[in-house]
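**Q** here's a sequence, model it:
(2 chains)
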Amino acid sequence: EDKVVQSPLSLVVHEGDTVTLNCSYEVTNFRSLLWYKQEKKAPTFLFMLTSSGIEKKSGRLSSILDKKELSSILNITATQTGDSAIYLCAVFPPGGGSEKLVFGKGTKLTVNP
Amino acid sequence: DVKVTQSSRYLVKRTGEKVFLECVQDMDHENMFWYRQDPGLGLRLIYFSYDVKMKEKGDIPEGYSVSREKKERFSLILESASTNQTSMYLCASRSADSSYEQYFGPGTRLTVT
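**A** Numbers count the residues shown, from 1 in each chain, chains lettered A, B, ... in the order given. Next up is the predicted model:
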């Protein structure tokens, strides 16, 4: 069965800290891994990773994929209270050539002032 | 600017009522999805559609049905609402071409009493 596991499930840090969120996966026919940020409403897209070892960066957020280890990390440096959210990892596609993403359960990040 | 809209942000229904949740996207996407999101369980796929009048069951289709009569609109139907269907419902859409990014609507928080 295809699955995506995120860790930790929740994390509380202080403003200015650096955090690393983990995502590991077991799927057949892996094509890409996606990260989303979800605040109070809809998840918003952060990154899509398809190649191992190539870092994607957006401001204080960065992410990298390791296909050998079947995992990805999402780093946030100098965290701010606005980074408080649920971070979702998803893998596309699962086995069988289906069009549906497989999501992890998310990591809930709380950044305290 | 891409847009996925859902008919209601908040909805309160009684047990046994028929409930319609509507989702509209303006990006001419072929694929549309309905998820429910519950604390500790993450996003779970209910149904998805890859074309007009086409649908496939997701991971938790029991108690739900869907309708896609037009490309831009995907409806989720709860034939007889039950309290265990109290949840956040998220609609999403995605193009069938090489872009794997999936866009989400703002969500409908449904309470069944």
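**Q** only C-alpha atoms for contact and neighbour calcs from this point on.
**A** Fine.
**Q** ranges for the strands of chain B?
**A** B:4-6, B:10-13, B:19-25, B:31-38, B:42-51, B:54-57, B:65-70, B:73-78, B:87-94, B:103-104, B:108-112 (DSSP state E).
**Q** return the helix or strand in chain A with minimum mean pLDDT.
**A** Least confident element among the helices and strands of chain A, by mean pLDDT, DSSP states H and E: strand A:102-103 (a mean of 89).
**Q** the residue in chain A that chain B sits nearest to: what secondary structure?
**A** Nearest to chain B, among the residues of chain A, is A:Lys105, at 4.1 Å (C-alpha to the nearest C-alpha). Three-state call for A:Lys105 (DSSP: H, G, I helix; E, B strand; the rest coil): coil.
**Q** what about it, how many residues close to it?
**A** The tally of other residues near A:Lys105 (other C-alpha atoms under 10 Å in any protein chain shown) stands at 24.
**Q** now do A:Lys40
**A** For A:Lys40, using other C-alpha under 10 Å, the count is 11.
**Q** do the same with B:Val19
**A** By other C-alpha under 10 Å, 19 other residues sit near B:Val19.
**Q** and for B:Asn84?
**A** B:Asn84: 10 surrounding residues under other C-alpha under 10 Å.
**Q** let me know the pLDDT of it.
**A** With respect to pLDDT, B:Asn84 scores 96.
**Q** quick one: it from B:Gly16, how far?
**A** For B:Asn84, the distance to B:Gly16 (C-alpha to C-alpha, to the nearest Å) stands at 12 Å.
**Q** could you pull up phi and psi at the residue of chain A closest to chain B?
**A** Note on A:Lys105: backbone dihedrals following degrees, to the nearest 10 are phi -80, psi -10.
**Q** among the strands of chain B, which comes closest to chain A?
**A** strand B:42-51 (4.1 Å).
**Q** pull the contacting residues for the spatially most central residue of chain B.
**A** Among the residues of chain B, B:Trp34 comes closest to the average C-alpha position under C-alpha atoms, centre = their mean, at 2.8 Å. By C-alpha atoms under 8 Å, 6 or more residues apart in numbering or on different chains, the contact list for B:Trp34 reads B:Leu45, B:Ile46, B:Tyr47, B:Phe48, B:Leu76, B:Tyr89, B:Leu90, B:Cys91, B:Ala92.
**Q** need those residues in CSV with neighbour count, can you?
**A** Formatted as CSV, these follow (neighbours: other C-alpha atoms under 10 Å in any protein chain shown):
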residue, neighbour count
B:Leu45, 23
B:Ile46, 23
B:Tyr47, 24
B:Phe48, 27
B:Leu76, 23
B:Tyr89, 25
B:Leu90, 27
B:Cys91, 30
B:Ala92, 27
